[in-house]
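Participant: What follows is a protein structure lacking sequence information:
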């Protein structure tokens with residue numbers, strides 16, 4: 001019983017909220033816990049207790065283990081692992097295509113700078129980021145930039161999956177037009193797009209609220225992701241007017 005749908009990111013774009021909205025649909029059963037991280041990681045078991053393996057990837061557990069994480073009774077089965085589009089996991093797309101070639105993929109995006117600011121705040125809270133915000137977000141080797149280059153992160157999946165298998169959700173629209181966005185997601189994965197339930201009335205956390213960054217940071221960050229945003233606009237055929245870039 002392998003998944004019919006996978007939410008592949010992006011980090012800090014509302015994947016946890018979408019996981020709950022998908023799981024609430026009577027035709028969809030999402031894996032628990034969220035973030036199986038099956039398709040990333042080493043082919044051999046990493047060190048440490050097996051309860052921590054999800055943090056580095058669980059490919060070594062094998063496809064039978066992965067199938068056991070889903071409800072066999074669910075008409076549609078899914079999972080959500082933002083690490084699948086991490087720049088440190090380039091192997092994911094090919095592995096995924098080899099195991100679930102017909103899967104429907106969902107990828108969430110948001111204003112690239114706001115996404116990076118949210119990730120920065122997360123790392124500051126857990127003590128992993130000592131630098132000031134400009135030094136961190138403008139570091140060319142950081143994931144703050146690379147995870148906000150959405151087209152670049154999607155490209156490996158577009159190489160091995162048909163374009164129609166990939167649905168992109170703009171996080172800002174999940175906030176302002178929740179029912180419309182969820183209907184489109186439900187239709188993409190093969191569920192009834194007209195279904196409505198109490199869970200959809202709840203406003204799950206879908207990313208930190210907008211933060212006004214220093215002018216220098218806004219300008220320089222936009223310069224470093226601008227080419228990628230243009231490629232994403234071309235892919236979607238949309239101007240992404242919600243973004244400040």
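Facilitator: That came in fine, so what should we check first? Not measured: the values here are computed from a predicted model.
Participant: and whichever helix in the chain runs longest, what's its mean pLDDT?
Facilitator: Taking DSSP state H as the criterion, the chain has its longest helix at helix 215-236. Taken as a whole, helix 215-236 has a mean pLDDT of 96.
Participant: Give the buried residues for that helix.
Facilitator: Neighbour-count burial for helix 215-236 flags 217, 221, 224, 225, 228, 229, 231, 232, 235 (criterion: 16 or more other Cβ atoms under 10 Å). The way it works is simple: take the backbone N, C-alpha and C, and place the C-beta from them, glycine included.
Participant: distance of the third one from residue 242?
Facilitator: Counting by Cβ to Cβ, to the nearest Å, the separation of residue 224 from residue 242 is 20 Å.
Participant: Equivalent analysis for the fourth one, please.
Facilitator: Computed with Cβ to Cβ, the distance linking residue 225 and residue 242 is 15 Å.
Participant: And for the fifth one?
Facilitator: Residue 228 sits 16 Å away from residue 242, going by Cβ to Cβ.
Participant: helices and strands around the lowest-mean-pLDDT helix or strand in the chain, which ones?
Facilitator: Taking mean pLDDT, DSSP states H and E as the measure, helix 171-176 is the helix or strand of the chain with the lowest mean score, a mean of 91. Counting contacts by 3 or more Cβ pairs under 8 Å, 6 or more residues apart in numbering; DSSP states H and E, helix 171-176 packs against strand 104-109, helix 178-189.
Participant: What is the neighbour count of the residue lying closest to residue 133 once chain neighbours are set aside?
Facilitator: Excluding the flanking residues, the one nearest residue 133 by Cβ to Cβ, 6 or more residues apart in numbering is residue 120, at 5.9 Å. Around residue 120 there are 22 other residues, counting by other Cβ atoms under 10 Å.
Participant: I figured residue 120 was touching residue 139, is that so?
Facilitator: No. Residue 120 lies out of contact with residue 139 (Cβ atoms under 8 Å); the separation is 10.8 Å.
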